[in-house]
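Visitor: The sequence and its predicted three-dimensional model are supplied below.
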Amino acid sequence: MTSAYDSNNIFARILRGELPCHRVFETPDVLAFMDIMPRAPGHTLVIPKAPARTLLDVTPASLGTLILGVQTVAAAVKTAMEADGLTIQQFNESAGGQVVFHLHFHVIPRREGQAMRPHTAQMAPADELVAHAARIRQALGGA
């Protein structure tokens, strides 16, 4: 059974401007920003601005807009990070591996022969996240 949406989850707080993030892409409906515990350099998160706990809670219209945002960000991440490929991940509920209970997609650039780092609580250096965000924004055609 799906639990109710918690409006105090970390991504909701980022959307309200209560917590900082390294933004790379934004529309009226979608926000993309750097994962502070990246599994590979350039690991980016893409979230809907509308409250949705999981893939099963989001409206079809919001999901359509979100997946277009994922596609746009994925292309920019692949270019910016000179990746050979991408891993796109999306988890639902604790049993499915979800940790933050606001719908989100992980866009992880991959290089042939390199394993992803394990998910740890180790945060990346801020200057590294800033540099990767700038590269991705540039690939998106922005500054």
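Guide: Cool, the structure landed. Because the structure is a prediction, the values reported are computed rather than measured.

Visitor: per-residue confidence for the spatially most central residue of the chain?
Guide: Nearest to the geometric centre of the chain sits L45, at 0.5 Å (CA atoms, centre = their mean). On pLDDT, L45 comes in at 98.

Visitor: so what's T27 up against?
Guide: Going by CB atoms under 8 Å, 6 or more residues apart in numbering, T27 touches T65, G69. Every C-beta, even on glycine, is put in place using the N, C-alpha and C of the backbone.

Visitor: Start the count at 2 instead of 1 going forward.
Guide: Renumbered: residue one is now 2, and that last one reads T28.

Visitor: Just to be sure, the residue nearest to the centre of the chain is in a strand?
Guide: Yes - under DSSP: H, G, I helix; E, B strand; the rest coil, L46 sits within a strand.

Visitor: ok, now how distant is it from R17?
Guide: As for L46, its distance to R17 is 16 Å (criterion: CB to CB, to the nearest Å).

Visitor: cool, and D7?
Guide: Distance of D7 to R17, given as CB to CB: 13 Å.

Visitor: more crowded one of those two?
Guide: More crowded of D7 and R17, by other CB atoms under 10 Å: D7, with 13 against 10.

Visitor: Show me the strands in this structure, by range?
Guide: Ranges of strands in the chain, per DSSP state E, are 24-27, 31-35, 45-49, 86-90, 106-111.
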